[in-house]
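# Sequence and predicted structure, then a few things I'm wondering about:
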Amino acid sequence: NAGVTQTPKFRVLKTGQSMTLLCAQDMNHEYMYWYRQDPGMGLRLIHYSVGEGTTAKGEVPDGYNVSRLKKQNFLLGLESAAPSQTSVYFCASRQTLNSGANVLTFGAGSRLTVL
Amino acid sequence: SQQGEEDPQALSIQEGENATMNCSYKTSINNLQWYRQNSGRGLVHLILIRSNEREKHSGRLRVTLDTSKKSSSLLITASRAADTASYFCATDKAGTALIFGKGTTLSVSS
């Protein structure tokens, strides 16, 4: 059981370049999330999806786009990378417990540097 | 904006000592969760406490919740070097996403 897998783990981009981060989960979870983590800022929600074919904006969506064409995959795209997007990106999927509470399973992260 | 704020930002203790970190939040919640993040890794769920609970235990972890003060504490007893990590509280308002705090970095030295 792989859980949540993120690719790539590391990437260096030049300003203006585009790229896509891939998140894959094998737990059949409906909800998936993209967070970014910056020093002193904790985790901030970029975009999320409540199911295949749906996406919604989080707290810091500007400069990012997402797609959820398949239930198991959630893609995060940067159309024109900026140095302010240098960060560690985490994908997570949500499990609903018998109690109704929701807990997250995270991937290992993707470290992106924009020069 | 962040819902939870952890305190202290950083904590250094010796092995065998207890570590206590606190979380304050702003609005009503359904539950509050604590996650651990080892260096260079993703977050891992540790423990969840529901809004109608006041205390919960799991192994060496003890979580308390005071909804009147909108605060929670995480106690790790008899700390080990392997407990060195960052700890985050996250609040669930029964919406679509958990909201995370900025974290407490715990360093346990032997």
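On my side now, so go ahead.

# What is the burial count for the residue nearest to B:Lys102 when sequence neighbours are not counted?
The shortest distance from B:Lys102 to any non-neighbouring residue, by C-beta to C-beta, 6 or more residues apart in numbering or on different chains, is to A:Gly42 (3.7 Å). Yep, even glycine has a C-beta here, placed from its N, CA and C like the rest. A:Gly42: 22 surrounding residues under other C-beta atoms under 10 Å in any protein chain shown.

# beta partners for A:Gly42?
For A:Gly42, the beta-bridge partners under DSSP bridges are A:Asp38.

# is it true that it touches B:Thr105?
No - contact criterion C-beta atoms under 8 Å: A:Gly42 and B:Thr105 do not qualify, at 11.6 Å.

# the strands in chain B, which residues?
With DSSP state E as the criterion, chain B has strands at B:4-7, B:10-14, B:19-25, B:31-37, B:43-50, B:55-58, B:61-66, B:71-76, B:85-92, B:99-100, B:104-109.

# Quick one: residues contacting the residue nearest to B:Lys102.
B:2, B:88, B:100-103 (C-beta atoms under 8 Å, 6 or more residues apart in numbering or on different chains).

# Let me have those residues in JSON lines, adding distance to A:Lys9, neighbour count and pLDDT as columns.
Shown next, in JSON lines, are the contacts of A:Gly42 (distance: C-beta to C-beta, whole Å; neighbours: other C-beta atoms under 10 Å in any protein chain shown; pLDDT from 0 to 100):
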{"residue": "B:Gln2", "distance to A:Lys9": "26", "neighbour count": "18", "pLDDT": "51"}
{"residue": "B:Phe88", "distance to A:Lys9": "21", "neighbour count": "26", "pLDDT": "96"}
{"residue": "B:Phe100", "distance to A:Lys9": "21", "neighbour count": "25", "pLDDT": "91"}
{"residue": "B:Gly101", "distance to A:Lys9": "25", "neighbour count": "24", "pLDDT": "90"}
{"residue": "B:Lys102", "distance to A:Lys9": "24", "neighbour count": "21", "pLDDT": "91"}
{"residue": "B:Gly103", "distance to A:Lys9": "21", "neighbour count": "27", "pLDDT": "93"}
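
# Show me what from chain A comes close to chain B.
Within reach of chain B by C-beta under 8 Å from any C-beta of the partner chain, chain A has these residues: A:4, A:31, A:33, A:35, A:40-45, A:48, A:50, A:56, A:58-59, A:90, A:92, A:97, A:99, A:101-109.
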